[in-house]
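Novice: Got a sequence here, can you model it:
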Amino acid sequence: MAKGRKKLAVWQGFLAGGLLSLGVYLLGLLCLTLLLVKGALSEGGCFPVVAALCVLACLAGGLLTVRLTRWRAGGALTAAAFLCVLLLAGLGVWEEIAWLGQGGVLLLCGLTGGLLAGAAGPGKRRRRK
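Specialist: Numbering: from 1, shown residues only. Model prediction:
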């Protein structure tokens, strides 16, 4: 690690990645709502934007977790934690999820973002002797 940079605990990296995922997702939903209210986006085009937003949120949080913890599986685990929060919120509000409809697609999009974060994360560095 570089001079002056503290080494974070693993749970702090996961917490930072999860909070970044939630922040990106909520900010994106806010912008999407603004576009829907202003009429710039139709209701039919709403779901693909939400799916892309789910991928981007999981990718951003996963990349931060992988960067902070140097653990490639951290991206997928951060995405899984983020999706569990979304799942619990959805079950709390609607009390059911259409697994074969759009709900399952959003979960797959989120896991894809987490896997991309793990694949794009920093590789193992070799030490020179």
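
Novice: Following the helix or strand hosting R67 in sequence, what is the next regular element?
Specialist: Assigned by DSSP states H and E, R67 belongs to helix 46-69. Using DSSP H and E, the next helix or strand after helix 46-69 towards the C-terminus is helix 73-94.

Novice: got any ranges where the chain has weak pLDDT?
Specialist: Low-confidence segments of the chain (pLDDT under 70): 1-7, 97-100, 121-129.

Novice: and the angle from the helix or strand in which G104 is found to helix 46-69?
Specialist: Per DSSP H and E: G104 is located in helix 102-120. Put simply, helix 102-120 runs at 30 degrees to helix 46-69, going by axes from the mean of the first three to the mean of the last three C-alpha atoms, to 10 degrees.

Novice: Buried residues in helix 102-120, which are they?
Specialist: 103, 105-107, 109-118 (16 or more other C-beta atoms under 10 Å). For glycine as for every other residue, the C-beta is placed from the backbone atoms N, C-alpha and C.

Novice: nearest to L59, of these?
Specialist: G113 (4.1 Å; C-beta to C-beta).

Novice: Let me see the contact set for the spatially closest residue to that closest one that is not a sequence neighbour.
Specialist: Once flanking residues are discounted, G113 sits nearest to C58: 3.1 Å by C-beta to C-beta, 6 or more residues apart in numbering. By C-beta atoms under 8 Å, 6 or more residues apart in numbering, C58 lies in contact with S21, T78, A79, F82, L83, C109, G110, L111, T112, G113, G114, A117.
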